[in-house]
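Enquirer: Provided below for reference: sequence and predicted model.
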Number of protein chains: 2
Amino acid sequence: MDDLSATTSGGTLVERVMLSIRGQIANRSLTPGAKLPSIRAVAQTMKVSKSTVVEAYDRLVAEGVIRSRPGSGFYSAAPLAPLALTELAPRLDRAIDPFWVSRQSLEAKDEVLKPGCGWLPGSWMPEKETRRALRSLARAKDITALTDYGTPLGLGSLRQFLSRRMAEQGAEARPEQILLTDSGTQAIDLVCRLLIQPGDVVLVDDPCYFNFLALLRAQQANVVGVPYTPNGPDLGQFEHALIRHRPRLYITNSGLHNPTGASLSVGTAHRLLKLAEDHGLIVIEDDIFADFETEPAVRLAALDGLDRVVRIGSFSKTLSASFRCGYIAARPDWVDKLIDLRIATGFASSRLSEELVFSILGSSGYRKYLEALRSRLGRVMAATIARLQSLGFDPWVTPKAGMLVWCKLPDGLDGADMARHALNEGVVLAPGNAFSASQTASGFMRFNVAQCTNDKMFAVIEKAMRKAA
Amino acid sequence: MDDLSATTSGGTLVERVMLSIRGQIANRSLTPGAKLPSIRAVAQTMKVSKSTVVEAYDRLVAEGVIRSRPGSGFYSAAPLAPLALTELAPRLDRAIDPFWVSRQSLEAKDEVLKPGCGWLPGSWMPEKETRRALRSLARAKDITALTDYGTPLGLGSLRQFLSRRMAEQGAEARPEQILLTDSGTQAIDLVCRLLIQPGDVVLVDDPCYFNFLALLRAQQANVVGVPYTPNGPDLGQFEHALIRHRPRLYITNSGLHNPTGASLSVGTAHRLLKLAEDHGLIVIEDDIFADFETEPAVRLAALDGLDRVVRIGSFSKTLSASFRCGYIAARPDWVDKLIDLRIATGFASSRLSEELVFSILGSSGYRKYLEALRSRLGRVMAATIARLQSLGFDPWVTPKAGMLVWCKLPDGLDGADMARHALNEGVVLAPGNAFSASQTASGFMRFNVAQCTNDKMFAVIEKAMRKAA
């Protein structure tokens, strides 16, 4: 998975010498500790200048492949420890818990198919814009952009950009109300650390994004699930939970809810906020799928004006997951406390990531890419749903956009059983109970349509269905 | 501080049109909401092709400067919210607490002098290698290096590199015992979240790095300081604290201790570990200044073999603070739990940062840069100490390497008073009590010799001394 080619610099002759030495170490002509041929000898044998050999040896020393003993020469170093096999193989014995999908997806080798994961294939991402932004940053006039810590709130120009974009969506947030973070997940974690204590009750949708459950477990919160309907949470149950459990916080996605792909209705949003006000509830609105929407759904942050709603966003779904950047938009008094908390627990966000995100977000190419992506996802969504239906899966709602679809399994099938069988065949699925605080979604499964364009995957699913039946 | 020039792409004619429109908006020839001239009109006036104007308008739309109404034309958008002045001015009313130095340093404008901060000037960092690594990554064959999440442990090649480097230092850690993180601070935070509960007692050195105090406050730990001697913690007091407070954890720097610049002696290290064993104490060894050392001090991680010692490292001090990368080396069972905790609270580390760090670390240029840096720091350390002594400051020890020197102030002077006066004159100092759990270091101050090469700074210090006297 590592791209070493990306990290070797140019210089053919030097590299030829390095390759030769590495080859001799690999085939054990040079055993660990053995003395290397002299610079003059190599220069003669390989018909290169002595300075070329010096540079090659120097780089091999830097890489730790060989070592220099002043006055004595160069020696082969001990070999690199191999990466352990356990790192690379799927763990079939893991419980189907909130970590199941993420660890199986993140640990998967390249050839593993991942219809259960929550992100686009790398080849769908904005490659051209990303390479352009990297080249542009490599030429940055201000070296501190490449070497220094950023400011505590994060890159001003990116915060101004986000502030304007939010204003267009009806959610006013001044740039100083926006704190850039290392990821959407870190953003939620910081807000939870600020606002809740171990033992506090937190409401989530049932089903919800599995990592909310993992994060709240790390916070030692008591999690209460509220059944989710195609218009948002079931408000009767929501009110009941407010009265019975006195929760401090509720975490949700309003647009393109994960895992169901449903969106909050205006009426539900209004009544939900009224309940929140009546019961002193704070709401975290995780808006991570906003850029997929074709017709934006209502946002709690827009209705509420960032009073008791905290808005979270990130760029990992449509821009890049390789450089990490997310944000929190919240009340100014909370933002000031969040700055201290972030310094204490992470010191600073990545200025380089923020420069890259700003460079890409503000490009016309990115806007065109997003338009093309939405169309592409629309087509793949329709095709995948048809194919899943032919196997007996029943979409709970037909999502208006995005990549996720939540399906009821054919009667009698257990998602966890199916997922274990499929993993054995190199396919990572997302069984329903990984998303369910009440563990009542064993008959459901989440599919990522962008990762469902492969015939082998459907063959494995059919086989897993037979085995689990 | 933002380098916008780094994030605009080429194309002179397109940029000329963009500049013209931006100028008309700035001088209010085009007020918010006003209709822009037609594409044809601009093409004629500016003597450019219509496609040039289309591209310019398209980019301005992407940037949010103008907006398109299909079938109607282009309109000037609402102006960007200005960055608030409060973001940019020093906060003179802040208490001298563990956040004082970091917030004043990170929030400081470019012209502010920062002898109190804990990092090198941007111009001292390995610029050439960093630009090269960025260009190289922009050409990466494997696009997933630029777009996808990394693996849960982080880039395999970087972990192998670190594993070998640690082995050379006598501290064995297999690559799968190393977890890459977003920063050294995040690494410590994760370990604390795994190993301690609110209310647990944690030992720190007194004085210690102020952010340990901030981090442990965020963990709701009870912090107990142990007086630090030029050889490490005072072992009598250390044992007394173990018996009296039954701490779970101790956090320290063994080589080039922050803020004192002292290093742990072998004898102290051995006896300290024995006490830790006897009392079931876990030790976090934050090795962030390792690359500055000319003669490496003993490491607890090497003596202990990563049984009860957790080693933390990062690259922000000598490689870059703009892309964030740190690591944890620990027992395999702890690493497995730390992976889950990191997924729950941050999902993934930055693959791009890891690729950049690996690319730079493994280059011969970086090794040469480090050698030159150590010599440069040695010279500046001697010169700065001489100059501070002439003002009446007394170094507590003469550090063998690194950038930090801990000075006793002339009798009667209070570091906090001095720091407030200096801040008023645009100089951020690091007053002793920011580093002291027991608040007994008001007569001390930490200086960063790499940031003390400016005459104005010494003039401000002299003035602050007179005012505080």
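Expert: Yes, it's here. Residues are numbered from 1 along each chain as shown, chains lettered A, B, ... in the order given.

Enquirer: Tell me the pLDDT of the nearest residue to residue A:431 once chain neighbours are set aside.
Expert: Leaving out its chain neighbours, the residue that sits closest to residue A:431 by Cβ to Cβ, 6 or more residues apart in numbering or on different chains is residue A:415, at 3.4 Å. Every C-beta, even on glycine, is put in place using the N, C-alpha and C of the backbone. Confidence at residue A:415, expressed as pLDDT, is 94.

Enquirer: Can you get me a residue count around residue A:415?
Expert: A total of 25 residues lie near residue A:415 under the criterion other Cβ atoms under 10 Å in any protein chain shown.

Enquirer: for the one 10 residues further on, same thing?
Expert: Using other Cβ under 10 Å, residue A:425 has 16 neighbouring residues.

Enquirer: same question, residue A:246
Expert: Neighbours of residue A:246 (other Cβ under 10 Å): 12.

Enquirer: which residue packs closest to it, ignoring adjacent ones?
Expert: The shortest distance from residue A:246 to any non-neighbouring residue, by Cβ to Cβ, 6+ apart, is to residue A:201 (6.5 Å).

Enquirer: Would you confirm that that neighbour contacts residue A:242?
Expert: No: taking contacts as Cβ atoms under 8 Å, residue A:201 lies outside contact range of residue A:242: 9.7 Å.

Enquirer: what's residue A:205 in contact with, if anything?
Expert: Each residue near residue A:205 by Cβ atoms under 8 Å, 6 or more residues apart in numbering or on different chains is listed here: A:225, A:226, A:228, A:233, A:252, A:257.

Enquirer: Quick check: the gap between it and chain B.
Expert: 18 Å (Cβ to the nearest Cβ, to the nearest Å).

Enquirer: in the sheet, who's paired with the residue found closest to that residue once you drop the neighbours it is linked to in the chain?
Expert: Spatial nearest neighbour of residue A:205, chain neighbours left out: residue A:228 (4.2 Å); criterion: Cβ to Cβ, 6+ apart. Beta-bridge pairing for residue A:228 (DSSP bridges): residue A:233.

Enquirer: Now do the same contact list for residue A:228.
Expert: A:205, A:206, A:207, A:208, A:234, A:257, A:260, A:262.

Enquirer: The stretch 351-469 of chain A: helices as residue ranges?
Expert: Assignment of helices within the stretch 351-469 of chain A using DSSP state H, counting those that start in this stretch yields the ranges A:351-361, A:364-390, A:415-424, A:455-468.

Enquirer: highest average neighbour count across the ones you listed?
Expert: The highest mean neighbour count among these, using mean count of other Cβ atoms under 10 Å in any protein chain shown, belongs to helix A:351-361: a mean of 27.

Enquirer: what's the average pLDDT for that helix?
Expert: On average, helix A:351-361 scores 96.

Enquirer: and that helix with helix B:351-361, angle?
Expert: If you take axes from the mean of the first three to the mean of the last three Cα atoms, to 10 degrees, helix A:351-361 sits at 130 degrees to helix B:351-361.

Enquirer: export helix A:351-361 as PDB, just CAs?
Expert: Presented in PDB, the C-alpha positions along helix A:351-361 are these (Å, rounded to 0.1, in the frame of the first residue of the first chain):
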ATOM      1  CA  ARG A 351      -1.400  24.100   8.300                       C
ATOM      2  CA  LEU A 352      -0.200  22.200   5.200                       C
ATOM      3  CA  SER A 353      -3.500  20.300   5.100                       C
ATOM      4  CA  GLU A 354      -5.500  23.500   5.500                       C
ATOM      5  CA  GLU A 355      -3.500  25.200   2.700                       C
ATOM      6  CA  LEU A 356      -4.200  22.100   0.400                       C
ATOM      7  CA  VAL A 357      -7.900  22.000   1.200                       C
ATOM      8  CA  PHE A 358      -8.200  25.800   0.600                       C
ATOM      9  CA  SER A 359      -6.400  25.500  -2.700                       C
ATOM     10  CA  ILE A 360      -8.500  22.700  -3.900                       C
ATOM     11  CA  LEU A 361     -11.900  24.000  -2.600                       C
END
